[in-house]
Every structure is written in C-alpha cells, then in structure tokens.
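Colleague: Take a look and give me a structure for this.
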Amino acid sequence: MKNIKLVFLAVVSLLLGYACEDDKEYKSINMTDVTPASIITPTLGSSHELLAAEGTTDFETFSWAPADFGQIIPQKYSLQIDQEGNSFANALELSNTLDLDYTIMVADLNLKLWDFGITSGAAENFEIRVITTVNKPIVDTSYISEIVSLTIKPFAYNKPNISSPLDGSSFILEFDSTGTVDWETITWDAVNYGSSYSVNYMLEFDKADSNFVNAVTLVNTSKLSYTANVKSFNEALLKRGLEPGTAEPIEFRVIASIGGISGVVTSNLTTLNITPFAAEIPSDEIPVIYMLGGGTSAGWGNNNGNIVAYYQPSSGADSTFTAVDKLTPNGVDGSDGLIKFVRFIGMWAPQWGTDATGTNTAGPLVYRPTEAIPDPTAIPGPAEAGDYLVTANIVSLTYKIEKVAETLHLIGDATTAVWDNTKAIPLTKDAPGVFTIETTLSSTATEGFKFLVNQGAWEPMYGQDGNGTWEKGTLTYRPVGAPDVKSIPPPPTTGTYLIEVNFAKNTYLLTKK
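Modeller: Numbers count the residues shown, from 1 in each chain. Take a look at the predicted model:
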C-alpha cells in the first residue's frame, strides 16, 4: 500500500511540474513586444460602391497579417466596422474567426450596413479594425490593429409600395354571409435586396392618422399580392372600430423583411375610403395585446402563457386595453416586479414599456414599433402583491395600475339573498379578475341583481352601464362614496343560471342551465 501511495505522489508531482512549465511559458510573454494584427486589405482610403446588380458577387476580401506574440499561441480575430469618428462606440462585428481573412457577398454586406442604420444610399466614411483575442489559463488579453479608413456607398432598398388599388380609391362593401366573395386584390412592388433571400411581406391597415399603433395584419406572405375576402375583411374593419354604413379613410402599408427582423423596409401609405356593412363581431375575436414580465404570472417568455389584455371599445378612448393578473413586487418569489406589453405572441415588437417617469400606479407608455428600435424601460409593478387591473391606452400612450377586487358577492331581489347585504352570495374566484357562480334567479324580480365586493358592505359595488341586458353587458364600478349604479335586469325565466364576471373584459355573462 505504501508503494502505491509513493507512485501516485510521483505522478502528481510530474504533472504539476508540467503545469508549472506551461505557466512559465505564457508568463514569459513580454506584452510590450507583442505586434498586433495589421490590416492588408482593403487599403487605407479606398472607395467602394455596393450595387444591387452585383449583390451575389464578393466584396473585396478583408485580410490581415497575424498578431505576433513571439511564440505560437492560438488567436481569434474580430473584424469590426463603425462610422468614422464614432470611436467604435457602436461597432458592428463583421466576423469572429481563427482565419486571417473574411469574404462577404455584396448583398450580405449591404444588409448588415442597412440593419446597422445606414439606409440613405449615400456614400459613408467608415473605419475598420481587427482585435486579436488570446484565451489561455495565464493569458487573457486583446490587441487592436491600426484603424483603416475607407468609403462605402451602400445601395438603398426600394419600398414595397402598393400598386393597386390606387391611393384615394373608394369602396362600399356589400353584404356577404357566405364568405365566398372576394373584395380586391392588393398588389405591391418586390424589394430588391440584391440576392435571393427569403423575403416576407406583411400587409396591414389602420384608421387614418392612427400611426399604426393598433394595426390589423391582413397577411404575412412571400407573395406580391393578397386577395381580401369581403366577409373577413369587413369583420376586421368592424373590430377596428369602423361604423357600418359610414365611409372612413383607412391607411394600408406593406412591411418587407428578411426573417421578420432584418432588412426592414416600409412602403408609402395608401389611403382607401371604405364603407363596411353591418355584421355581428364574435366577442372572442375582439383584438387583444398581451401583458408579460417578471412581475406577472407569465414571466418573460413571450411565446406562451401571456396575459390577454382585451380591447375596450366602450372605454371611449381609441384604443384602450385592460388585463387583470396577480402582480408580484420586486424581490418576492424571484420576481423583478416589471411589466411590458407586446402586440403578438412570440414577437418582441411591437412592444410597449415606459420611461424614467413611469411609476407603479400610472405613467406614459413608450412604443417600440420594430426590433430595430431599442427596448423601452419596463413598467414598474406595485409595491404589494395582489390582483391588479392594468389599463393601457396605446393611442394616448398612457397606462394605469389599480387594485381590483379579490372577492365578489351576488345580491338583489332576483337572488335568494334579496337586498340583504349580510347574506350576499359569494362567487368563486377562478382566476385573478374572473368569478363564477351557479345560482337560482327569479324572473319576477322588479330590479334584478348587482355585485358587492365585500359581504355586508354596499360599497364598492358593480352594476351595469345602462345598455346591458339580463344576458350580457358591460360592468360599471361604484367606488366608496360614489353614486349608485344600475342593476342587471332579471332573466325572463326563473331557473338556474351560470353567471360569469370578467374584470379584464369588464363584462358579465349569464347562461341558462
């Protein structure tokens, strides 16, 4: 046993010796004698013009001589470019490689510069450099080459402008209940990116002068046209808030991109005057946006579980959305206490946050239309955990966060509790802001029923806005000290009913059982 231990110690000592020698090798590098990489091509002061017609050819090869450390050490090279005079504060990395050169196709370089913000089509002065990085246990440093200035004139992408219908055209939609009648074929120009990229075209519309903050997407396609169905298009117009039988100017645009985030080009606006026809809009098809964030139950994943914020056409503000969720303050159960809104599941733009003036009760919304725009600051959540109603107005760009009832009780002469508030019947809370109850309602009642937040207290209270029926309607809230609200009418038949209340939708709904 003793001999085995001695052999083991000898092997360990030998390995440690090699490790020390390796340390000495790299510690012996004299950093002051290192020669950085030096750029060979393009040469200083050279000029280059990128042409769409030459998009599939190679741009001049970027090449450089290797850095010299006095011995062979693995090196990696980062080729960077930035606008002249910017001190590489916003440097774009063209390549990160072990090689001593980098070749890029003209169309690819043009696309990188476009996404970098160079979109005018004019010649720009740029600077390039190469940073050599060495990663070893003992050496972890980088060396920067000399800076080479050059001029590049990228080509500007043409816009995917709509060619038909013509701007200013007027249309009166005619009733179609079958969904088989086509309206118009909308066509637009192809964007010439200089190469055969997979291009996506998104056709959308919004009310004129709304800045597309609540845009409706008609199609995402690789084609250069879209034929709209009369019935579905009419429903989309009504959901956006157009009045049946009334002509209104609608703006259309096409957004071209590669992969949804690169090479984004937006067409000029085409305005059409359109008159929709009357048709019922299913309540579950009303447009929504989505709330998420570390302070919400959804977390920061943008592809599932996001909280629906429902469009409120009855709010009198175009367009207001409301969501209810259990919000958790920063530092509680791993929460960061933050909130944002996104327009589509799985996409980070369009997006709404706030700025430095936003508080945990109210503030301005800051809109991020595309991925090319920096993220806005997240909205700070409340200081105490609980169920909250979050209201976002994406036209006036404001938000509000209010505590919402976590209990609800039924009362009224149509109920078994009549008007005795000490016997108000509790509803079941199915989710934050969502309550249900199955109960008997009387058709012989003279008033109907309301909802109390707390048993035994008349305020706060919920009734209806005066336009509701016994079956469904919009809720009206009565805070403490406010005037009374209208009762919900009794049903036409005595029996058992399922009553559903949704504070996010601000609605009540009755179903006969």
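Colleague: any weak-confidence spans in the stretch 51-200 of the chain?
Modeller: Along the stretch 51-200 of the chain, the model assigns pLDDT under 70 to residues 135-141.
Colleague: quick one, helices of it?
Modeller: For the stretch 51-200 of the chain, the helices defined by DSSP state H, counting those that start in this stretch occupy 106-115.
Colleague: Contacts only, for residue 359.
Modeller: residue 380 (CB atoms under 8 Å, 6 or more residues apart in numbering). In short, each C-beta sits where N, CA and C put it, glycine included.
Colleague: could you measure it against residue 291, distance?
Modeller: To residue 291, residue 359 is 17 Å away according to CB to CB, to the nearest Å.
Colleague: and if you look at residue 374?
Modeller: Distance, residue 374 to residue 291, by CB to CB: 21 Å.
Colleague: Neighbour count for the two, which is higher?
Modeller: The residue with more neighbours, out of residue 374 and residue 291, is residue 291; 28 against 6, by other CB atoms under 10 Å.
Colleague: isn't the more buried one right up against residue 307?
Modeller: Yes - using CB atoms under 8 Å, residue 291 is in contact with residue 307, at 4.3 Å.
Colleague: what number of residues lie near the closest residue to residue 409 other than its chain neighbours?
Modeller: Once flanking residues are discounted, residue 409 sits nearest to residue 424: 3.6 Å by CB to CB, 6 or more residues apart in numbering. By the measure other CB under 10 Å, the count of residues near residue 424 is 25.
Colleague: Repeat that for residue 446.
Modeller: Neighbours of residue 446 (other CB under 10 Å): 8.
Colleague: Check residue 306 too.
Modeller: That count, for residue 306 with other CB under 10 Å as the rule, works out to 24.
Colleague: Need the per-residue pLDDT for it.
Modeller: pLDDT recorded at residue 306 is 88.
Colleague: can I assume it is in contact with residue 340?
Modeller: No - counting by CB under 8 Å, residue 306 stays clear of residue 340, with 10.2 Å between them.
Colleague: what touches both of those two?
Modeller: Common contacts of residue 306 and residue 340 (CB under 8 Å, 6+ apart): 291, 292.
Colleague: any residues in contact with both of residue 291 and residue 307?
Modeller: Listed as contacting both residue 291 and residue 307 by CB under 8 Å, 6+ apart are 298, 323, 325.
Colleague: Check which helix or strand the last one maps to.
Modeller: Yep, that's residue 325 we're talking about. strand 320-327 (DSSP states H and E).
Colleague: and for the following helix or strand past that strand, what are the contacting residues?
Modeller: Using DSSP H and E, the helix or strand that follows strand 320-327 in sequence is strand 338-342. Outside strand 338-342, the residues that touch it by CB under 8 Å, 6+ apart are 289-296, 302, 306, 309, 321, 327, 330, 348-353, 365, 376, 378-381, 390, 392, 394.
Colleague: Same question for stretch 91-104.
Modeller: 58-59, 61-66, 74-82, 109, 112-113, 116.
Colleague: Are any of the residues you listed buried, and if so which?
Modeller: 59, 62-64, 75, 77-82, 109, 112-113, 116 (16 or more other CB atoms under 10 Å).
Colleague: Relative to residue 157, which of those is nearest.
Modeller: When those are compared for distance to residue 157 (CB to CB), residue 113 wins out at 11.2 Å.
Colleague: Enumerate every residue touching the closest one.
Modeller: Here residue 113 is in contact with 92, 152, 154 (CB under 8 Å, 6+ apart).
Colleague: Surely the last one and residue 110 touch.
Modeller: Yes - under the contact definition of CB under 8 Å, residue 154 touches residue 110, with a separation of 4.9 Å.
Colleague: so what's in contact with these two at the same time?
Modeller: residue 50.
Colleague: what comes up buried for stretch 476-483?
Modeller: Within stretch 476-483, the residues that count as buried by 16+ other CB under 10 Å are 476, 477, 478.
Colleague: CSV please, covering those residues and showing secondary structure, pLDDT and distance to residue 101.
Modeller: Converted to CSV, these look like this (DSSP: H, G, I helix; E, B strand; the rest coil; pLDDT from 0 to 100; distance: CB to CB, whole Å):
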residue, secondary structure, pLDDT, distance to residue 101
476, strand, 94, 71
477, strand, 93, 68
478, strand, 94, 74
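Colleague: Now do the contacts for residue 66.
Modeller: Residue 66 neighbours (CB under 8 Å, 6+ apart): 37, 75, 100, 132.
Colleague: tell me the contacts of the nearest residue to the second one once chain neighbours are set aside?
Modeller: This points to residue 75. Counting by CB to CB, 6+ apart, residue 132 is the residue found nearest to residue 75 once chain neighbours are left out, at 5.3 Å. Applying CB under 8 Å, 6+ apart, we find residue 132 in contact with 36, 37, 66, 67, 75, 76, 77, 142, 143, 144, 145.
Colleague: same check, this time on residue 495
Modeller: Neighbouring residues of residue 495 by CB under 8 Å, 6+ apart: 440, 441, 512, 513.
Colleague: Greatest separation within those: which pair is it?
Modeller: Across the contacts of residue 495 (CB to CB), the longest gap, 11.6 Å, separates 440 and 512.
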